[in-house]
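Novice: Next input, structure requested:
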Amino acid sequence: MSEPGTMEPAPDDAIAVRLREELARRRISRQALADMARISLSTLEKALSGSRGFTLATVIRLEEALGTPLRTAPIAAPTEAGLAPDHMGSYSRAGVRWIEGEYVTLRPSFGQAEAVYAYRTSIFWDEAACHLRFAESARMDGAFAQAGHISMPNLSGHTYLVTIEEGQHRLIMLGRPTREKQMFGLLSTLQVGAGSQLIPVACPVAFVPLDQLAEVAPGLMEPGTAHHARCRDILGRAVRDDFCRLRQ
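Specialist: Predicted coordinates:
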């Protein structure tokens, strides 16, 4: 209860305060957060200013993008303190701390031969949910930035970055890290086709610690441009070193 003469903040006000704190703590812009949550900047700005309330759908998208709850109601707790849920591999924070951090993500362009697409992926521990989450940012197609949970089962030894949104799934499977702490694997997603058509597509993917490619700007790298050859060679390791196989 509040003290005499004070008022409890409205739910929307409390969410707005939490959002501002997260933006300041993570040093990300409102536009970047809107892109990560796949909402318009206008929707975010109006909700933060109080001119429009937060819808449940908007709050859920923001929570998934940030990997942290914004509402006072607790989210599902793990079955055992300190461990991720069974369906994510029952891993502990100490056992997966090595993977936390900022990465440059590389994948082939879906529309231009030999070109490489680069963007950022953050991997972090969600204290409330007790498991790892990831969030993409700095994508040219910001509306398609992904966020979700991470499974790390001992049986396969692979890391799974999973997005589930309204029944749709998108998956990245990464093998064990190299000595350089780089990770390689396979991305399975949907490509936008003609009109509203969506086409299943899979391609190699590479996760490189940000400090190793800090000079690489997010976006499309065409053949002959700066850093293309280096990034293309790094991405090529996914297939060349047998982290994934593509068959027809």
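Novice: When you work out contacts or count neighbours from here on, use the C-alpha atoms and nothing else.
Specialist: Fine.
Novice: Are there helices or strands packed against the longest helix seen in the chain, and which ones?
Specialist: If you go by DSSP state H, the chain has its longest helix at helix 11-26. Applying 3 or more C-alpha pairs under 8 Å, 6 or more residues apart in numbering; DSSP states H and E, we find helix 11-26 packed against helix 41-49.
Novice: picking that back up, what sits up against the longest helix of the chain?
Specialist: 29-30, 47-48, 50, 53-54, 70-71 (C-alpha atoms under 8 Å, 6 or more residues apart in numbering).
Novice: Out of the residues you listed, which end up buried?
Specialist: Applying 16 or more other C-alpha atoms under 10 Å to the contacts of helix 11-26, the neighbour count classes 30, 47-48, 53-54, 70 as buried.
Novice: Output these in JSON lines; the columns should cover pLDDT and distance to residue 171.
Specialist: Formatted as JSON lines, these follow (pLDDT from 0 to 100; distance: C-alpha to C-alpha, whole Å):
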{"residue": "30", "pLDDT": "86", "distance to residue 171": "26"}
{"residue": "47", "pLDDT": "86", "distance to residue 171": "31"}
{"residue": "48", "pLDDT": "88", "distance to residue 171": "32"}
{"residue": "53", "pLDDT": "84", "distance to residue 171": "32"}
{"residue": "54", "pLDDT": "85", "distance to residue 171": "29"}
{"residue": "70", "pLDDT": "84", "distance to residue 171": "25"}
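Novice: Turn these into TSV, including distance to residue 85.
Specialist: TSV is the format used below for these (distance: C-alpha to C-alpha, whole Å):
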residue	distance to residue 85
30	31
47	33
48	33
53	33
54	29
70	21
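Novice: which two in those are spaced the farthest apart?
Specialist: Within the buried ones among the contacts of helix 11-26, two members stand farthest from each other by C-alpha to C-alpha: 30 and 53, at 16.8 Å.
Novice: re the thing from before, average model confidence for the longest helix of the chain?
Specialist: In this model, helix 11-26 has an average pLDDT of 82.
Novice: Output it as CSV, restricted to C-alpha atoms.
Specialist: Taking C-alpha atoms only, helix 11-26 is exported to CSV below (Å, rounded to 0.1, in the frame of the first residue of the first chain):
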residue,chain,number,x,y,z
PRO,A,11,0.2,0.5,-14.6
ASP,A,12,1.0,2.4,-17.8
ASP,A,13,3.1,4.9,-15.9
ALA,A,14,5.0,2.1,-14.2
ILE,A,15,5.7,0.4,-17.5
ALA,A,16,6.9,3.7,-19.0
VAL,A,17,9.3,4.2,-16.0
ARG,A,18,10.7,0.7,-16.5
LEU,A,19,11.2,1.3,-20.2
ARG,A,20,13.1,4.6,-19.7
GLU,A,21,15.3,2.9,-17.2
GLU,A,22,16.1,0.0,-19.6
LEU,A,23,16.8,2.5,-22.5
ALA,A,24,19.2,4.4,-20.3
ARG,A,25,20.9,1.3,-18.8
ARG,A,26,21.4,-0.4,-22.1
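Novice: I'd like the distance between the residue nearest in space to the middle of the chain and residue 12.
Specialist: A centroid search over the chain (C-alpha atoms, centre = their mean) returns residue 135, at 1.9 Å, as the residue closest to the centre. Distance, residue 135 to residue 12, by C-alpha to C-alpha, to the nearest Å: 24 Å.
Novice: try residue 68
Specialist: Distance from residue 68 to residue 12, counting by C-alpha to C-alpha: 16 Å.
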